[in-house]
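[1] Could you look at this predicted model? Sequence included:
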Amino acid sequence: MRQLLVVGNWKMNGSRASINSLLDDLLSAPAVAGTEVAVCPTYVHLPQVLELCASSAIAVGAQDCSHMQSGAYTGEVAAVMLSEMGCRWVILGHSERRQYHAESDALVAAKVAVAVEAGLQPIVCVGETREQREAGEAQSVVSAQLQGALKGQVNLDSLVVAYEPVWAIGTGLTATPQQAQDMHECIRGCLEGIEGIDAQATRLLYGGSVKADNAAQLFAQPDIDGALVGGAALKAADFKSIIAAA
Ligand code: PEP
C-alpha cells in the first residue's frame with residue numbers, strides 16, 4: 001500500500017511574514033491520517049520553515065541541490081548541507097530547472113546520486129511539452145527522462161517520481177484524470193524495467209495546476225499517489241483542501 005503524499009513547491013515565493021502566516025494556518029489544521037505532507041520553500045527560508053515545522057507532521061524539502069558534493073561551485077548548495085539542516089526531501093529536474101537552467105537528464109542523474117547518498121528522498125520530475133504531446137511523443141519523452149535520470153543509480157528505495165506535463169504547470173490547464181492515469185501507468189511500467197527500483201512501491205505524484213476542485217478526481221486514479229502542488233500551495237485554504245481530498 002503506497003501512502004499518499006502531497007508536496008507544496010513554493011518556488012521563488014514568500015517572505016518571512018507570509019511564511020509565518022501560511023504555516024500558522026497549515027499547522028493549526030489536524031493532520032490527515034494516511035497522508036504525508038511536505039513543503040519546499042526557497043533555500044533562504046529553510047531554517048525558518050524547519051523551525052516552525054519541527055514538531056509537526058509536515059516534512060520539509062528543498063527545490064534543488066548541486067550535483068557536486070562540495071567545492072568551488074559558487075551559488076550552489078550541496079545535498080549533504082540540506083540533509084544536515086533537517087530536510088527530508090529534494091525536488092530534482094523540475095521543468096523550470098530544465099527550461100531556465102538547461103538541466104539535462106545526465107545532470108539530474110548526478111543530482112539524484114548525491115541526494116540519495118546524503119540521505120535525502122528525491123522527487124524526480126518528468127513531463128512533456130505541449131508540442132511533444134501533440135506530436136504523440138509524450139510517453140517516449142517521459143520514458144527517456146526516467147531512463148536518463150534513474151538508470152544505474154545505486155539506491156532508489158526512497159524515490160518519488162512527479163509527472164508534471166509542462167503545458168499544465170502554472171497555466172490553469174490540468175491533464176484530465178484519464179490522461180494523468182495513462183501516463184502514470186506508463187511511468188510505472190517504465191520503472192519496472194529499471195534495475196533496482198520497486199515500481200509497485202514507488203510513489204508517483206501528479207503535478208500541474210492541481211487545485212481543490214480537481215484533486216479528488218486525480219487522487220482516485222489507481223496509479224496517482226499524491227500531488228506536487230505549485231500555485232495552490234501558497235494559499236493555506238487551497239493547500240488544506242487538496243490535502244483533505246487525499
Ligand atoms: C509545479 O511547479 O511543480 C507545479 C505543479 O505548479 P502549479 O501547481 O502552479 O501548476
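    Looks like it came in fine.

[2] alpha carbons only for contacts and neighbour counts from here, please
    Noted.

[3] Burial check on the closest residue to Arg97 other than its chain neighbours, number of neighbours?
    Once flanking residues are discounted, Arg97 sits nearest to Glu103: 6.0 Å by CA to CA, 6 or more residues apart in numbering. Glu103: 16 surrounding residues under other CA atoms under 10 Å.

[4] ok, now which ones touch Leu234?
    Contact analysis of Leu234 by CA atoms under 8 Å, 6 or more residues apart in numbering lists Gly8, Trp10, Leu22.

[5] er, Leu4 actually
    Going by CA under 8 Å, 6+ apart, Leu4 touches Gly34, Thr35, Glu36, Arg203, Asp225, Gly226, Ala246.

[6] model confidence over stretch 127-141, on average?
    For stretch 127-141, the mean per-residue pLDDT is 97.

[7] in that stretch, what counts as buried?
    Buried residues in stretch 127-141, counted by 16 or more other CA atoms under 10 Å: Gly127, Glu128, Thr129, Gln132, Arg133, Ala138, Gln139, Val141.

[8] quick one, what contacts the second one?
    Residues touching Glu128, when contacts are defined by CA under 8 Å, 6+ apart, comprise Glu137, Ala138, Val141, Val142, Glu164, Pro165, Val166, Trp167.

[9] Bridged to the residue nearest in space to the middle of the chain, which residues?
    In the chain, the residue lying closest to the centroid (CA atoms, centre = their mean) is Ile123, at 4.4 Å. Counting by DSSP bridges, Ile123 forms beta bridges with Ile91, Val160.

[10] Please tell me how far it sits from Val44.
    Relative to Val44, Ile123 is positioned 20 Å away (CA to CA, to the nearest Å).

[11] Same check on Cys65?
    Distance from Cys65 to Val44, by CA to CA: 13 Å.
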